[in-house]
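*Asks:* how would this look folded up:
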Amino acid sequence: MVDPVWLWAAGVGLSAALLLGLGMVFQLLRGRVPRIGWGILHAMLATSATILLIIWLFGLPRPDLLLDDAALFFAMAFLGGLTLAGLQIAGYRAPGVIIFLHGLFAAFAMVLFVVGASRL
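*Replies:* Next up is the predicted model:
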């Protein structure tokens, strides 16, 4: 039996990252620049929680396709976030489409995660 504490830890971390990401989007929509600390915390929470989810998935005796797909979409959102961070470091303004796709992948992955976790 795989310990569900790790799944809960991943869920809490991903939820916190989602809330921080929404907070940064709302700040951008108001014309304010989000603090860099929020972005770093958002990235650290999302990355560590996704790694926890992937490690937890490797311990399952049989694959759960919804949780596997959630991990895949979280990884795709990670790549979008990495692109956004790279643009920020290089001094370029991130295109809105990349921000939108990053959030869309993360939101879709969160829905898959919640549905998949509720079926266990």
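*Asks:* element containing the residue nearest the centre of the chain?
*Replies:* With distances taken as CA atoms, centre = their mean, the residue of the chain nearest its centroid is residue 46 (4.5 Å). For residue 46, the host element (DSSP states H and E) is helix 36-58.
*Asks:* Tell me which residues of the strand or helix carrying residue 97 come out buried.
*Replies:* Using DSSP H and E, residue 97 maps to helix 96-118. Residues 99, 101-103, 105-106, 108-110, 112-113, 116-117 are the ones in helix 96-118 that count as buried (16 or more other CB atoms under 10 Å). Any C-beta I mention is one placed from the backbone N, CA and C, and that applies to glycine too.
*Asks:* now swap in stretch 9-26 and tell me
*Replies:* Neighbour-count burial for stretch 9-26 flags 9, 10, 11, 13, 14, 17, 18, 20, 21, 24 (criterion: 16+ other CB under 10 Å).
*Asks:* mind checking how far the strand or helix carrying the third one is from the chain centre?
*Replies:* Here residue 11 is covered by helix 5-29, with elements defined by DSSP H and E. Here the centre of mass of C-alpha atoms in helix 5-29, compared against the chain's by CA atoms, centre = their mean, to the nearest Å, lies 7 Å away.
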